[in-house]
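Return a 3D structure for these sequence lines:
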Amino acid sequence: MSAGELLRQANQLKRSGRLDEAIALYHQVIDINPHFAWAYHGLGDALAKQGNLDEAVACYSEGLKIHPNSAWLYYSFGEALAELGDWEAAVEYLQKAVDLKPSYDRLHQRLSQAVSQKERLFGDKYISLLNDTDNGNWTIKDSKNNSRKSALFIDCGGYDGCSAIKFLMSHLNYDCVSFEPNPYLWDYYTDIPTKLIKKAVFTYDGIIEFTVDPVDADGSSLLPEKKIDFHGKVANEDCPVITVDCIDLSAFVSQVSKIYKKIILKLDVEGAEYDILEKMVQERTVRHIDKLYCEFHWHKVNIPKERHDKLISKLQEIIDIENWNGQDMSVHKKERGYQKIRNNILKSINFNKKQLAYE
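Have a look, this model is predicted:
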């Protein structure tokens with residue numbers, strides 16, 4: 001059977017979803033004619049459908065060596081790179097596809113989408129947010145300053161600053177940024193060396209409803225189905241609901257990873273962690289995280305155990321995960337003695353951070 005006939009059969013098998021059989025035939029085609037560019041293209045597509053993206057990229061690359069003017073090879077190459085999270089390279093290859101086939105609207109649309117995604121993940125929008133004085137009175141050094149520290153702690157669900165303090169006690173060399181949307185807690189951040197961003201973290205930039213725990217603020221959540229007051233003293237319908245700004249954490253992490261060599265992420269966001277982390281896994285931005293401290297709330301927000309376990313399994317392939325509890329540094333609605341202890345700890349942290357800056 002000729003290479004052309006085998007290729008036709010392989011393409012049919014690929015379209016019908018019989019990928020293993022298709023891949024075997026594509027290899028036969030290449031054995032017969034190693035200079036058949038469309039065999040590499042078909043093989044790459046089948047591998048990409050199986051999730052073997054690195055192998056798919058290698059096939060497209062081989063195909064382009066043979067047929068360097070194929071818009072569809074460039075298109076498929078760009079799509080695979082996008083799936084791998086390499087949006088900068090994806091834009092480059094999709095642009096080449098458009099240059100070769102400028103009349104195809106489909107290629108223009110995909111390029112436009114890729115450019116938008118590249119800007120979202122690799123732009124400077126969120127880096128400038130670190131120095132925005134409208135979001136707290138403490139700013140991180142300008143990103144162009146060569147003396148910038150190489151490590152960042154991202155505290156999501158900052159509460160009254162307790163986690164930032166607990167972390168900085170043993171990590172003085174880290175910059176710190178805290179996301180806390182609850183306005184009743186912002187005054188606690190006055191002397192804490194963290195950049196307070198008065199927003200919730202979620203999966204997009206915009207506004208969202210935030211249900212506030214009126215008892216101690218600890219159970220406040222973006223998810224209306226969560227039991228807000230854990231002890232049941234106040235029903236959900238009696239809890240205040242406010243509108244807050246939210247930020248795309250996946251994009252934020254991607255952008256700040258350009259200026260920080262090490263990032264530690266802490267998530268205590270009362271159930272929203274599943275949507276957030278699943279998006280970070282999908283977009284591969286989770287690879288920028290060196291360690292994840294997280295309190296998972298699947299049992300409090302009716303997340304199926306299967307979904308929880310699947311997410312944990314994917315995360316553990318990429319990063320270390322540890323539990324986190326910063327409540328020992330919290331002072332919200334506690335006796336004044338706790339505030340005195342925390343003030344002394346803060347004085348020590350601020351003094352030692354200044355000393356470290358002089359070294």
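
quick one, strands of this structure?
Along the chain, the stretches classed as strands by DSSP state E are 151-156, 175-179, 195-197, 200-202, 206-211, 241-248, 262-267, 291-294, 320-322.

So for residue 122, which of the ones you listed sits nearest?
Ranking the strands of the chain by proximity to residue 122 (Cβ to Cβ) places strand 241-248 first, at 13.2 Å. (C-beta placed from N, C-alpha, C; glycine too.)

Report all helices and strands that the closest one contacts.
Secondary-structure packing of strand 241-248 (3 or more Cβ pairs under 8 Å, 6 or more residues apart in numbering; DSSP states H and E): strand 200-202, strand 206-211.

Break down the protein into its helices, ranges please.
Taking DSSP state H as the criterion, the chain contains helices spanning 3-15, 19-32, 37-49, 53-66, 71-83, 87-100, 105-122, 125-129, 162-168, 249-256, 273-282, 305-316, 336-358.

ok, residue 15 to residue 42 distance?
10 Å (Cβ to Cβ, to the nearest Å).

I meant residue 28, not that one.
Using Cβ to Cβ, which is the criterion applied here, residue 28 is 12 Å from residue 42.

quick revisit: would you single out the least confident of the helices of the chain?
When these are compared on average pLDDT, helix 125-129 comes out lowest at a mean of 86.

Please tell me I have it right and residue 178 contacts residue 196.
Yes. Here residue 178 lies in contact with residue 196, judged by Cβ atoms under 8 Å, at a distance of 5.3 Å.

The residue most central in space within the chain: what's it in contact with?
The geometric centre of the chain, computed from its C-alpha atoms, lies nearest to residue 250 (Cα atoms, centre = their mean), at 2.6 Å. The neighbours of residue 250, taking Cβ atoms under 8 Å, 6 or more residues apart in numbering as the test, are 121, 203, 276, 279-280, 283, 285.

and if we set it to 7 Å?
The contact partners of residue 250, by Cβ atoms under 7 Å, 6 or more residues apart in numbering, come to 279-280, 283, 285.

Relative to residue 255, which of these is nearest.
When those are compared for distance to residue 255 (Cβ to Cβ), residue 285 wins out at 9.5 Å.

Looks like the closest one contacts residue 253 (just checking).
Yes. If you go by Cβ atoms under 7 Å, residue 285 and residue 253 touch, sitting 5.1 Å apart.

More neighbours: the two, which one.
Neighbours around residue 285 and residue 253, counted as other Cβ atoms under 10 Å, are more numerous at residue 253. The numbers are 25 against 21.

Please verify my assumption that the more buried one contacts residue 284.
No. Under the criterion of Cβ under 7 Å, residue 253 is not in contact with residue 284, lying 10.8 Å apart.

Residue 34: neighbour count?
Applying other Cβ under 10 Å, we find 12 other residues in the vicinity of residue 34.

Distance of it relative to residue 3?
Taking Cβ to Cβ as the measure, residue 34 falls 10 Å from residue 3.

Kindly report the same for residue 181.
Taking Cβ to Cβ as the criterion, residue 181 is separated from residue 3 by 61 Å.

the more surrounded of these two?
Neighbour count, other Cβ under 10 Å: between residue 181 and residue 3, residue 181 has more, with 26 against 18.

was I right about the more buried one contacting residue 199?
Yes. Here residue 181 lies in contact with residue 199, judged by Cβ under 7 Å, at a distance of 5.8 Å.

what sits in contact with each of these two?
Common contact partners of residue 181 and residue 199 (Cβ under 7 Å, 6+ apart): residue 244.

I'm done for today, thanks for sticking with me.
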